[in-house]
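Enquirer: I would like to see how this sequence folds:
(2 chains)
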Amino acid sequence: MEQVGQRKIDGLWLTVVGIAVLFFLILPTLIVIPMSFSGASYLEFPPTSLSFRWYVAYVTSPEWMSATKTSLIAAALTTAIATPLGSLCAYGLHCSAPRIRSAAQILVIMPIVVPVILIAVGVFSLYAKLGLNYTLTGIVIAHTALALPFVIVTVMSGLQNYDFDQELAARSLGASRAYALWTITVPQVKFSIQTGAFLAFITSLDEVVISMLVSGGENATITRRMFNSLRDQLDPTIAAISTCLIVVSITALIGVQMIGRRKDKAQ
Amino acid sequence: MSPAAHSLPIDISNLCKAYGSVKALNDVSLNIAAGEFLTLLGPSGSGKTTLLMALAGFVRPDGGSIRFGEQEMIATPPHKRGLGMVFQSYALFPFMTVAENVAYPLKIRGVSKSDQKARAERALETVQLGGYGDRRITQLSGGQRQRVALARAMVFEPQIILMDEPLSALDKKLREHMQIELKALHEKLDATVVYVTHDQREALTMSDRIAVVNHGRIEQIATPERLYRQPHSFFVADFIGESISLPVSVANDTAQLGERVLKSNTPIALGSGGHRLIIRPELLEVTAGAVPDAANDLSGQVHDIIYQGDSVLVIVQHDSAGQINVRVPANRAGQTGLPSKGEQIGLALHPEDTIIVPEHVA
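Expert: Below you'll find the model as predicted:
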C-alpha cells in the first residue's frame, strides 16, 4: 500500500512539473492576445479597457497590409520551392550509399546550425553584388535555403519508415522510376511532405534576421516592419498582428495534424 | 496461360560486380533453361541476392552479359525487362486493396478497367484467394500477403519470375506448405523461375536445379539429388544436408582414412586444400554382425542415444575418427535393432554413399 501511495505522489509531482513547463512555454505567446484587445495606446497587461482599435489600425494601414502581403507571398513561394526540392533531395539521399548520405546530411543541416546572423551577412553581401537586396526574389531564395533542411529532415525520416522494396516492386512490375515514385512512394510519405511544407511556410513567415538585412522598401516583410515598429513607437498594433500570426500558425498546425490523423485511420 | 507468353531461357556470362574490394559477383556464368525452376542457394553475403538484383536490373554489373532469350538486357532498365518479382517483404502497396495491388502491373500496361478486374480476379483464384479483392492488405495474414504478392507478379504473364526469399517470413509449417504450392504453381505457369534462398531444404524441395553460390561464385550447379549425393566441394557438402567430415589423404585416385583405404564409387573430384570424407548420418548402416568387406568399416562404441521424434540419433565413438552420428528411423524396424549405450556396434558406409570432396573447388 505504501508503495502505491509513494507512486501516486511521484505521479503528482510529474504532473505539476509537466504543467509548469507547458505554462512557461505557452504563456509568453498567449500574453499578447489580451494585450492586443487593449483600449490603451501603449502595451499594457492586463488591459484596463477592451477594444478592437488595434486590429482596425492594422487592417487599415497600407504599410502593414503591404508588409503582410510581402510576407505571405514570400512564405507561399518559399513553400512551393522548398517542398518539392527538399523532398527530392531527401529521396536522393535515401537512395545513395550510406557514406555519401551521412556526409551530405551534415551539409544539409548546416543552415540550421550556423547562426542565422552569419548567413544574413553573407547573403546581404552576395545580394549587394547581384542586386537582389530589397527584392522578393532575394527574400524567397534566402528563405528557401533556410527552409530546405526542415523539409529534407522530415521527409527523410518519413522515408525511413517506408519499405523501399515497394518502389522496386513497382518498377519491376513495369513502372518507370518517376511513375513508381509518384504513385507508390509519394502517397506513403505524404504526411512527412506536408509537415515539411508547413515547417517551410512557418520558417519563412517567422524569419526576422535575414529579412532585416535583405528585405526593405516595398518588399519589407511583416517581421521586419514589426521589429522597426517595436523600436520606434511600441503601440499595440504589434500585439494585434502577433495574435493574427499565432492564429495562422496554429490553424496550419491543426490542419497538418488532422490530415495526419486521417491517414492513421486509413491504414 | 496465354498462347503468346512462353518462358524464356536466361544466359548469364562473365557477370562481375564489385563493392569496393568485395567481389559480390566474381565472373559468374550460368545458363538457365526456359521453364526451369532454378534456385540460387548460399549463405548471406554470398552474392546470390546481388545476382538476382542484377537480373532484375536494380544492380548494374561492372561487366558481363545477361540475355533473356536472344535479347541482351544488361542496359535495359528494370521496368522494361518484363519480369515478375516477389520480394522477401512482399512489398505490397498498403494503401491499395488486394485487387488494386494485383491490377497495378495491368494498369501500367494500359489494360482496360474491366479486363484489369477480370484478370486480377483470375490471378487471385490461381493463388486460392478468389473473392479477396476488396480486402485491405492489413486485413491479411502473412501467408495471404505472400499469395497476393505472387498473384501480382504473375498477373501480366511474365516469361520470367524472380523470387527473393519469398517464404522466409512465414512460420515453418506454412513455409513447407507454400513450398509445395509454389512448385505446383510453377508447373501451371509457363515461366522461368529464379529463386533465391539460404534454406537448403527449401532449395532441395522446390528446384529443378540448384546453383550453390559462395564468395560471389557458383560452386556447383546440379539437380537436388546430384548436389546432395555428389557435392563438388566441402562447402557444398557442408551447406547441404546434415553431415560430419573427416580429413582424408588422397593419392592415385584412392583416399585413405588413417591407415584404411576408402572404397568409393564416385571418382574423387579435383581441388585444392586437401580432401574430406563426408558422412551423412542417414547414409550409415548399423550392421548386426561384422561389417561386410564391400563396405567401409566405421565401427565403434555407442556413446549416446538421442531420441528426436521422427528418428533416433546414435552417437558412436570411433577409435581414430572421433564421434560419428548415425540416424536410425524411429519406426519398428529401427527400434528393434537399437543398440544400448556402451555397446560395440558395426557401422557400414557403402561405397555408393561414400562422398569424398576437396576442401576447395579447382
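Enquirer: dump the residue contacts of A:P62.
Expert: Counting by CB atoms under 8 Å, 6 or more residues apart in numbering or on different chains, A:P62 makes contact with nothing. Where you see a C-beta, it was placed from the backbone N, CA and C, and this is true even at glycine.
Enquirer: I'd like to know how far it sits from chain B.
Expert: A:P62 sits at a distance of 48 Å from chain B (criterion: CB to the nearest CB, to the nearest Å).
Enquirer: Now do the strands in the stretch 101-250 of chain B.
Expert: Secondary structure of the stretch 101-250 of chain B (DSSP state E, counting those that start in this stretch): strands at B:160-164, B:192-197, B:209-214, B:217-222, B:244-251.
Enquirer: and the first one, what does it pack onto?
Expert: Right, the one you point to is strand B:160-164. When contacts are defined as 3 or more CB pairs under 8 Å, 6 or more residues apart in numbering or on different chains; DSSP states H and E, strand B:160-164 sits against helix B:48-56, strand B:83-86, helix B:142-154, strand B:192-197.
Enquirer: Tell me how far that strand lies from the chain's centre.
Expert: In terms of CA atoms, centre = their mean, to the nearest Å, the centre of strand B:160-164 is set 14 Å apart from its chain centre.
Enquirer: And for the third one?
Expert: A distance of 7 Å separates the centroid of the chain from that of strand B:209-214, by CA atoms, centre = their mean.
Enquirer: Quick check: which of the helices and strands packed on strand B:160-164 is nearest to chain A?
Expert: strand B:83-86 (3.9 Å; CB to the nearest CB).
Enquirer: Direction included, what does the closest one pair up with?
Expert: Applying DSSP bridges to the sheet, strand B:83-86 is found paired with strand B:160-164 (parallel).
Enquirer: who touches the partner strand?
Expert: Against strand B:160-164 from outside (CB under 8 Å, 6+ apart): A:172, B:7-8, B:10, B:49, B:52, B:55-56, B:68, B:81-88, B:153-154, B:189, B:191-196.
Enquirer: how about a cut-off of 6 Å?
Expert: With CB atoms under 6 Å, 6 or more residues apart in numbering or on different chains as the test, strand B:160-164 has contacts from B:8, B:52, B:55-56, B:83-88, B:153, B:191-196.
Enquirer: picking that back up, tabulate the strands of the stretch 101-250 of chain B in CSV, adding columns for mean neighbour count and mean pLDDT.
Expert: Formatted as CSV, the strands of the stretch 101-250 of chain B follow (neighbours: other CB atoms under 10 Å in any protein chain shown; pLDDT from 0 to 100):
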stretch, mean neighbour count, mean pLDDT
strand B:160-164, 24, 95
strand B:192-197, 25, 96
strand B:209-214, 24, 96
strand B:217-222, 20, 94
strand B:244-251, 15, 87
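Enquirer: Close to chain B: what parts of the stretch 51-200 of chain A are there?
Expert: Residues of the stretch 51-200 of chain A found near chain B (CB under 6 Å from any CB of the partner chain) are A:163, A:165-166, A:168-169, A:171-176, A:184, A:187.
Enquirer: hmm, back to that, including distance to A:Q194, could the strands of the stretch 101-250 of chain B go into a markdown table?
Expert: Listed next are the strands of the stretch 101-250 of chain B as a markdown table, based on distance: least, CB to CB, whole Å:
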| stretch | distance to A:Q194 |
| --- | --- |
| strand B:160-164 | 33 |
| strand B:192-197 | 38 |
| strand B:209-214 | 44 |
| strand B:217-222 | 49 |
| strand B:244-251 | 60 |
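Enquirer: Between these, which one is closest to B:C16.
Expert: Closest of these to B:C16 is strand B:217-222, at 10.8 Å (criterion: CB to CB).
Enquirer: How is chain A partitioned into domains?
Expert: With domains defined by automatic domain parsing, chain A comprises A:2-30, A:62-234.
Enquirer: For those domains, state which one has the densest average packing.
Expert: Among the domains of chain A, domain A:62-234 has the highest mean neighbour count (mean count of other CB atoms under 10 Å in any protein chain shown), at a mean of 18.
Enquirer: Give me the below-cutoff pLDDT ranges for chain B.
Expert: B:1-5, B:332-337, B:362 (pLDDT under 70).
Enquirer: per the record, what domains does it have?
Expert: According to automatic domain parsing, the domains of chain B span B:10-229, B:243-361.
Enquirer: Give me whichever of the ones you listed is most buried.
Expert: domain B:10-229 (a mean of 19).
Enquirer: Now do that one: distance to the chain's middle.
Expert: Chain-centre distance of domain B:10-229: 13 Å, with CA atoms, centre = their mean.
Enquirer: ok, now stretch A:193-210?
Expert: Between the centre of stretch A:193-210 and the centre of its chain there are 3 Å (CA atoms, centre = their mean).
Enquirer: average pLDDT for it?
Expert: Mean pLDDT, stretch A:193-210: 92.
Enquirer: send the alpha carbons of whatever helix or strand A:L107 lives in over as CSV?
Expert: Using DSSP states H and E, A:L107 sits within helix A:98-113. Extracted C-alpha coordinates of helix A:98-113, given in CSV (Å, rounded to 0.1, in the frame of the first residue of the first chain):
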residue,chain,number,x,y,z
PRO,A,98,25.4,5.3,-46.6
ARG,A,99,28.7,7.1,-46.6
ILE,A,100,27.6,9.8,-49.1
ARG,A,101,24.3,10.1,-47.2
SER,A,102,25.9,10.8,-43.8
ALA,A,103,28.3,13.3,-45.3
ALA,A,104,25.5,15.1,-47.2
GLN,A,105,23.3,15.1,-44.2
ILE,A,106,25.8,17.3,-42.3
LEU,A,107,25.9,19.7,-45.2
VAL,A,108,22.2,19.8,-45.4
ILE,A,109,21.7,20.5,-41.7
MET,A,110,24.3,23.3,-41.8
PRO,A,111,21.8,26.2,-42.3
ILE,A,112,20.1,25.2,-39.1
VAL,A,113,23.3,25.0,-37.1
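Enquirer: hmm, who's touching it?
Expert: With contacts defined as CB under 6 Å, 6+ apart, helix A:98-113 is touched by A:L93, A:A145, A:L146, A:P149, A:I152.
Enquirer: now stretch B:109-118
Expert: B:A103, B:L106.
Enquirer: Same check on stretch A:216-223?
Expert: Outside stretch A:216-223, the residues within contact range by CB under 6 Å, 6+ apart are A:A67, A:T68, A:T70, A:S71, A:Y134, A:L136, A:V208, A:S211, A:S215.
Enquirer: Inside helices: which ones of those?
Expert: A:A67, A:T68, A:T70, A:S71, A:L136, A:S211 (DSSP state H).
Enquirer: Which helix or strand contains A:W64?
Expert: helix A:62-95.
Enquirer: for the record, mean pLDDT for that helix?
Expert: Rounded mean pLDDT across helix A:62-95 is 94.
Enquirer: Which helix or which strand is home to the nearest residue to A:V208 once chain neighbours are set aside?
Expert: Closest residue to A:V208 apart from its sequence neighbours, by CB to CB, 6 or more residues apart in numbering or on different chains: A:T223 at 4.5 Å. Using DSSP H and E, A:T223 sits within helix A:222-232.
Enquirer: Give me the most central residue, chain A.
Expert: A:I202 (2.5 Å; CA atoms, centre = their mean).
Enquirer: That one: what secondary structure?
Expert: helix (DSSP: H, G, I helix; E, B strand; the rest coil).
Enquirer: which one is it nearest to, not counting chain neighbours?
Expert: Setting aside the residues directly before and after it, A:I202 is nearest to A:S249 in space (CB to CB, 6+ apart), at 6.0 Å.
Enquirer: part of a helix, is that neighbour?
Expert: Yes. Using three-state DSSP, the assignment for A:S249 is a helix.
Enquirer: mind checking pLDDT for it?
Expert: In the prediction, the pLDDT value recorded for A:S249 is 85.
Enquirer: Same question for the one 5 residues further on.
Expert: In the predicted model, A:I254 carries a pLDDT score of 88.
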